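Engineer: I would like to see how this sequence folds:
(chains A and B)
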Amino acid sequence: MSLPRSPVGPGVRSRPEVIPWLGRLQTRVVVALVLLGILVVGACGYLAHMTVRYFERLGTEQTAVAREVIERARPVYRHMVAAKRSAYRYRTELLARDLERAWAVDSVPHAFDLGAWLAQARAKDIEALAVEARGVVLASARGVTDAKGEAEVVVPIRTIVHRASSDVPIELHARFIVPSALARDFDALGALRGELGTVEVAGARVDREDAVRAVAAALAAASGLLFLVALAAGIVVARVVTRRVSDVSAVMRRVAAGDRHARAADPGGDEIARMATDLNTMLDELEQAHAKVAYLQRIGAWQGIARRIAHEIKNPLTPIQLAAQQLRHQGLDLLRSGDPAFEQLLRDSVDIIDDEVDVMRRWVHNFSQFARVPKVHPEPMDLRELLRDFERAYGYLSDGVGDRFDVIVPEAELLVLGDQQLLKQVLVNLVENAVLSAREAVNAVVHVRVEARRIDEVWAQLAVADNGPGIAIERREAVFEPHETTREEGSGLGLAIVKKIVLDHGGHISVVSSDLGGACLRVRLLLATVRDT
Amino acid sequence: MKRRPWLLLGGAAPLLVAAARDPLPVKRTRFIEVGAALEVDFEMPAILPLDDEQVLETVSSGFATRIVFDLALFEAGAPQSIAVRRRTVRVWWDPWSREFVVVTQDGEQPGRHQSFMRREDAVGSVARVRMGLGGTLALRRGRQHPHFVHILAQRNPRGHTAETARHARGQGRDLSVFSRWVRMFLGSAPTAELRIERRTNYFYLVKR
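Structural biologist: Just a heads-up that it's a prediction; the model follows:
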């Protein structure tokens, strides 16, 4: 079972290892890129659409102008044709008058030579002439035109030849030739008219509105494709960048978890690589500093232990040495003289040596106990049960006359992650320390109170308060150092053992002033529900 | 569980309907066997409706109106056509002769000119189609071999444009690519001012 790491201070919750999806840098970068992409693509698409609509409007105006030009060309063409036909008619009328005059002289119509007349008139645009009476051709002639083999437009004109000597109506038919280029150009104008409002798109002629819609759809599709490409590229870039940041972060977590040899990979020469390099440099320096500090701490600890051992051994050695010297100087004389005081001297000296050896044994026992604090096996346990057991075992401290030992058991279940035996030892050490401190303060009545309660969603608190002399603020951290004590009989190991056990539980211990007048030692333990989350 | 077949049928019904090909309206048509040739005779007044003022105005405008009939002869059930014929008819008001002129051209043959004093007569001439479908030697005779003709009539088809305007070339590679890209979103663009598609009634050649 893995315990949450110790917080920096009480009430500070550790950050979860798994970052929620929305909280990830990669997600935020991708979302930012997506939003930026939508904004840019949308703006560009809108501008492109507006441009297309604008030019479409210009095209519409141009089409309207072209349509008007063609529509105006049509009556012009008709008027021109009408004028030309009028000219042909007048010429045909003139020919009819010539014919009338000729018939007035010669009563025989055949005498009028149409061919000669055509040649004389040099009418290059007359294809044929014919004189008919009741459908019978009386005379005909073909002209010599400028036709060059191309299709030509033939304009038939018919008029009446008045002849006084005959009641039969005589008609003169003339066929004029018009160059076909004129009609062809007009026909081409009609073809262009049919294409107005249409455009050519990759070989297909379509309405301009359809083309505009297709262009808009093509722009939207192209924008969508570009957006997808940009999104994919953004995801890849964000993934690459954030993965390297995550790698650096993972190294930091490993270092924080105690792996002092973890180092970040630093390929490339960008800012992230520089950050990784700086982190590695810092970790190298920290490791070197840590090694120095650890070495100095070890040396210091050994010095302290040596000093303490020397002090603790020297204290009982002095009375033992005095007792031995007294036996050597006085005891031999008394033994030789047969003085019965020798027996008393020997008994006193043996008692002194025995007492001091006992002191040394107790001191060695405390040392041994400190060194053999067992490993913590935390499991969910109810603090109420711990307090009830403790009250049954140490309830005798309340004598019913003066000394008070209050154990306040919470009503609600208070499950913490703890090792019951070790937490019981914690309580024993704290209560013993409180009682002895209160007694040494020469208080008439010793009052110790033990209570437990829930602090928040993470922590439960076990507090031992007394009415002793209290602990000065500047010594409230030092009291947990080994062999730090203010009591004459104290070994200075009790609170050190307590702190060791509490830290092994992932908890925290602190000293504050008690409302009873002395000190209050607060032990914070993780609630069992923390493990589940 | 019993509902599942009905649900499947209900779900598949729209797909079946969508997959079914739209049947063409049937055009009553006469088929005449003249010697060893087959002729078709039908009228399609809807291609130039006389009650459409705009169409009539166009016919009278002096600009030519172009009607193209594409006929494909099929034996029923056969995917490949037996014969394909095209007739192109142009009709316009000729201000020189003050007549309506109709020029009919079958395939690549020279055009046949007709003149009409009345617009209705000219339009009627355009809408009346009697033309040869080819020889009857390639057709199987007998009641068990019915045939039909697929008719596609187009008024002012847009394919009749200048050659230079047919392809989006000569305007740079980017514009060409973009033009083809836009073409993908045009869908089935209309190819004519009016397009009428019909199927004739079935006919068969009497055995000899």
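Engineer: those strands in chain A, which residues are they?
Structural biologist: Using DSSP state E, the strands found in chain A span residues A:126-133, A:136-142, A:153-161, A:170-178, A:198-201, A:204-207, A:379-382, A:404-408, A:415-418, A:447-454, A:459-466, A:508-513, A:519-526.
Engineer: Out of these, flag the one nearest B:Ala72.
Structural biologist: Closest approach to B:Ala72 among those (CB to CB): strand A:204-207, 22.3 Å. From N, CA and C alone the C-beta is placed, and that goes for glycine too.
Engineer: could you give the mean pLDDT of that closest one?
Structural biologist: Mean pLDDT, computed over strand A:204-207, is 81.
Engineer: so what strands line up beside it?
Structural biologist: strand A:198-201 (antiparallel) (DSSP bridges).
Engineer: could the strands of chain A go into TSV alongside mean neighbour count?
Structural biologist: Below are the strands of chain A laid out as TSV (neighbours: other CB atoms under 10 Å in any protein chain shown):
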stretch	mean neighbour count
strand A:126-133	19
strand A:136-142	14
strand A:153-161	17
strand A:170-178	20
strand A:198-201	20
strand A:204-207	20
strand A:379-382	16
strand A:404-408	16
strand A:415-418	24
strand A:447-454	20
strand A:459-466	23
strand A:508-513	18
strand A:519-526	23
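Engineer: And these: which comes nearest B:Trp6?
Structural biologist: Across the strands of chain A, closest to B:Trp6 is strand A:204-207 (CB to CB), at 44.6 Å.
Engineer: May I have the closest one as PDB, with CA atoms only?
Structural biologist: These are the backbone C-alpha positions of strand A:204-207, laid out as PDB (Å, rounded to 0.1, in the frame of the first residue of the first chain):
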ATOM      1  CA  ALA A 204     -19.000  23.100 -68.200                       C
ATOM      2  CA  ARG A 205     -21.100  26.100 -69.000                       C
ATOM      3  CA  VAL A 206     -23.200  26.900 -66.000                       C
ATOM      4  CA  ASP A 207     -25.300  29.700 -64.600                       C
END
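Engineer: got a list of what A:Arg37 touches?
Structural biologist: For the record, residue A:37 is Gly, not Arg. A:227, A:230-231, A:234 (CB atoms under 8 Å, 6 or more residues apart in numbering or on different chains).
Engineer: Run through chain A and note the low-pLDDT ranges.
Structural biologist: Along chain A, the parts satisfying pLDDT under 70 run over A:1-19, A:104-112, A:121, A:144-152, A:163-166, A:400, A:442-444, A:483-491, A:530-533.
Engineer: Next to chain B, which bits of the stretch 51-200 of chain A? Give me the list.
Structural biologist: A:74, A:77-78, A:81-82, A:84-85, A:153-156, A:178, A:183, A:186-187, A:189-191, A:193-195, A:198, A:200 (CB under 8 Å from any CB of the partner chain).
Engineer: one step back: of all the strands of chain A, which lies closest to A:Leu279?
Structural biologist: strand A:508-513 (28.6 Å).
Engineer: which other helices and strands contact that closest one?
Structural biologist: helix A:494-504, strand A:519-526 (3 or more CB pairs under 8 Å, 6 or more residues apart in numbering or on different chains; DSSP states H and E).
Engineer: and chain B, which of these is closest to it?
Structural biologist: strand A:519-526 (55.0 Å; CB to the nearest CB).
Engineer: Name the surrounding residues that touch the closest one.
Structural biologist: A:3-4, A:10, A:383, A:416-418, A:423, A:426, A:430, A:433-434, A:437, A:455, A:458-466, A:468, A:470-471, A:495, A:498, A:502, A:505-514.
Engineer: neighbours around residue 60, how many?
Structural biologist: By default, I'm working from chain A. A:Thr60 has 14 neighbouring residues, counting by other CB atoms under 10 Å in any protein chain shown.
Engineer: To clarify, I was referring to chain B.
Structural biologist: If we define neighbours as other CB under 10 Å, then B:Ser60 has 14 of them.
Engineer: leaving aside the residues next to it on the chain, what's closest to it?
Structural biologist: B:Trp93 (5.0 Å; CB to CB, 6 or more residues apart in numbering or on different chains).
Engineer: For the one you found, which residues are in contact?
Structural biologist: B:59-62, B:99-101, B:119.
Engineer: Regarding the spatially most central residue of chain B, what is its secondary structure?
Structural biologist: Nearest to the mean C-alpha position of chain B, by CA atoms, centre = their mean, lies B:Leu152 at 1.7 Å. Following DSSP: H, G, I helix; E, B strand; the rest coil, we place B:Leu152 in the strand state.
Engineer: roughly how far apart are the residue of the stretch 351-500 of chain A found nearest chain B and A:Gly418?
Structural biologist: Here the stretch 351-500 of chain A gets closest to chain B at one residue, A:Pro380, 50.1 Å apart by CB to the nearest CB. Applying CB to CB, to the nearest Å, the value for A:Pro380 to A:Gly418 is 8 Å.
Engineer: Then A:Thr242?
Structural biologist: 40 Å.
Engineer: same deal with A:Tyr54?
Structural biologist: Counting by CB to CB, the gap from A:Tyr54 to A:Gly418 is 78 Å.
Engineer: residue boundaries of the strands in chain B?
Structural biologist: Using DSSP E, strands in chain B cover B:26-27, B:30-34, B:37-43, B:65-75, B:83-94, B:99-106, B:112-116, B:128-135, B:147-157, B:192-200.
Engineer: Could you export those as JSON lines, including mean pLDDT?
Structural biologist: Formatted as JSON lines, the strands of chain B follow (pLDDT from 0 to 100):
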{"stretch": "strand B:26-27", "mean pLDDT": "90"}
{"stretch": "strand B:30-34", "mean pLDDT": "93"}
{"stretch": "strand B:37-43", "mean pLDDT": "94"}
{"stretch": "strand B:65-75", "mean pLDDT": "93"}
{"stretch": "strand B:83-94", "mean pLDDT": "93"}
{"stretch": "strand B:99-106", "mean pLDDT": "94"}
{"stretch": "strand B:112-116", "mean pLDDT": "92"}
{"stretch": "strand B:128-135", "mean pLDDT": "92"}
{"stretch": "strand B:147-157", "mean pLDDT": "93"}
{"stretch": "strand B:192-200", "mean pLDDT": "90"}
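Engineer: Quick check on the closest residue to chain A within chain B: phi, psi?
Structural biologist: As assessed by CB to the nearest CB, chain A sits closest to B:Phe63 within chain B, at 2.8 Å. Dihedral angles of B:Phe63 (phi, psi; degrees, to the nearest 10) stand at phi -90, psi 150.
Engineer: wait, what's in contact with the residue nearest to it when sequence neighbours are not counted?
Structural biologist: In this structure, B:Phe63 finds its nearest non-sequential neighbour in A:Gly190, 2.8 Å apart by CB to CB, 6+ apart. With contact taken as CB under 8 Å, 6+ apart, A:Gly190 is in contact with B:61-64, B:92.
Engineer: Distance check, the closest residue to B:Met117 other than its chain neighbours against B:Arg130.
Structural biologist: The shortest distance from B:Met117 to any non-neighbouring residue, by CB to CB, 6+ apart, is to B:Glu99 (6.0 Å). As for B:Glu99, its distance to B:Arg130 is 22 Å (criterion: CB to CB).
Engineer: quick one, which of these two is more surrounded?
Structural biologist: Neighbours were counted for B:Glu99 and for B:Arg130 using other CB under 10 Å; B:Glu99 has more, 17 against 12.
Engineer: beta partners of the more buried one?
Structural biologist: The partner residues for B:Glu99, given DSSP bridges, come to B:Asp94.
Engineer: what's the neighbour count on A:Gly395?
Structural biologist: 10.
Engineer: ok, back up a step: can you tell me which of the strands of chain B comes nearest to A:Ala478?
Structural biologist: Using CB to CB, the strands of chain B put strand B:192-200 closest to A:Ala478, at 102.1 Å.
Engineer: which parts of that closest one are buried?
Structural biologist: B:192, B:194, B:196, B:198-200 (16 or more other CB atoms under 10 Å in any protein chain shown).
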